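A.B. asks: Have a look at this prediction, sequence included:
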Amino acid sequence: MTMLPAALALLSLCAIVHAVSHPLNVQDNSQIIVVDDVKVPVVLGVMSRCPDAILCETVWDRVLQRVGDKVDISLSFIATPNASDPTYGLTCMHGAEECAGNVHELCVAKYHPTSEWWPFLQCQNFHGRDQIGLPDTAVSCATTAGFEWENDQASECTGENGQGQEGIKLLQESVKNSIQMGIQKSCTIIINGKQVCIRDGTWYECEGGHTPTDFIRQINEEHRRLNSAD
């Protein structure tokens, strides 16, 4: 009989160890719910060689430095459908080189994470608008962004001189989406499906402001809203 308390203590210890090893069991009806963080979708309606787009993307570079982990950013390109154009089926406002630049950026965005395609975009802008869409610029900016252009999927997508069939199809689809979303000016900023600002010679229709601080505040507010419990 003197051994009974010790045996009970041993059983209690085993039960504790089992509970630690198996926190969810038949005697524990609690549930652990893991909710993925919802990022705020941001669309920039742009043209790759447009000065307003470059300025807008520079502003958003500062925004992403602060709240990039809360944002899912993408580009939607502006051009005019043109069935008579033999290469792109589109007319780009700043020439065929801009169509090629659009293709470069779309292909890199398709095959690389934001941590690589966004630096690629910024590098192209840094080279100057007249260099965007040129093969040498793509090679240089790929290296800057952390990947090699040769034999990369983005390079195959882009094709020679930005005229690859996959890249052209991506551009045509992007332009179609821009038309469907009503994007007409470069740069048009859309946050979670709502147009919040336009840069076209000047900033306008920017109720929430147009500085990096303004956009950071809007992203934080929208992120809290998207991730708040009902």
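C.D. replies: That came in fine, so what should we check first? Residues are numbered from 1 along each chain as shown.
A.B. asks: Quick check: residue 41 is in a strand.
C.D. replies: Yes - residue state for residue 41 (DSSP: H, G, I helix; E, B strand; the rest coil) corresponds to a strand.
A.B. asks: which residues touch it?
C.D. replies: 72, 74, 191-193 (CB atoms under 8 Å, 6 or more residues apart in numbering). No exception for glycine: its C-beta is placed from N, CA and C like everyone else's.
A.B. asks: Show me what it bridges to in the sheet.
C.D. replies: On the basis of DSSP bridges, residue 41 is bridged to residue 72.
A.B. asks: Which strands or helices does whichever helix or strand residue 118 is part of pack on?
C.D. replies: Element membership for residue 118, per DSSP states H and E: helix 114-127. Contacts defined by 3 or more CB pairs under 8 Å, 6 or more residues apart in numbering; DSSP states H and E place helix 114-127 against helix 51-67, strand 71-77, helix 96-111, helix 135-145.
A.B. asks: Can I get those in TSV including mean pLDDT?
C.D. replies: Output for the helices and strands packed on helix 114-127, formatted as TSV (pLDDT from 0 to 100):
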stretch	mean pLDDT
helix 51-67	98
strand 71-77	98
helix 96-111	98
helix 135-145	97
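A.B. asks: looking at these, which is buried most?
C.D. replies: Here the criterion is mean neighbour count by mean count of other CB atoms under 10 Å, and of those the winner is helix 96-111, at a mean of 25.
A.B. asks: Which residues does the helix holding residue 118 contact?
C.D. replies: By CB under 8 Å, 6+ apart, the residues outside helix 114-127 that reach it are 48, 54, 57-58, 61, 64, 68, 73, 75, 101, 104-105, 108-109, 112, 131-132, 137-138, 140-142, 144-147.
A.B. asks: low-confidence ranges in this structure?
C.D. replies: Along the chain, the parts satisfying pLDDT under 70 run over 1-35, 229-230.
A.B. asks: tell me the centre residue of it?
C.D. replies: residue 73 (2.8 Å; CA atoms, centre = their mean).
A.B. asks: what's the closest non-adjacent residue to that residue?
C.D. replies: Nearest residue to residue 73, sequence neighbours excluded (CB to CB, 6 or more residues apart in numbering): residue 42, at 4.5 Å.
A.B. asks: contacting residues for the one you found?
C.D. replies: By CB under 8 Å, 6+ apart, the neighbours of residue 42 are 60, 71-74, 189-192, 219.
A.B. asks: for residue 191, same thing?
C.D. replies: 40-42, 215, 218-219, 222.
A.B. asks: For these, pick the one with the most neighbours.
C.D. replies: Counting neighbours by other CB atoms under 10 Å, residue 215 leads the contacts of residue 191 with 26 neighbours.
A.B. asks: Tell me if I am right that that residue is in a helix.
C.D. replies: Yes - counting by three-state DSSP, one finds residue 215 located in a helix.
A.B. asks: wouldn't it be in contact with residue 59 here?
C.D. replies: Yes - between residue 215 and residue 59 a contact is recorded at 7.1 Å, counting by CB atoms under 8 Å.
A.B. asks: Of all pairs in the contacts of residue 191, which one is the farthest apart?
C.D. replies: Spatially, the most separated pair among the contacts of residue 191 is 41 and 215, at 13.8 Å (CB to CB).
A.B. asks: burial measure for the closest residue to residue 79 other than its chain neighbours, as a count.
C.D. replies: Distances taken as CB to CB, 6+ apart place residue 90 nearest to residue 79, at 4.3 Å, with adjacent residues excluded. Neighbour count for residue 90, taken as other CB under 10 Å: 22.
A.B. asks: Now do the contacts for residue 90.
C.D. replies: Residue 90 makes contact with 79-82, 99, 171-172, 175, according to CB under 8 Å, 6+ apart.
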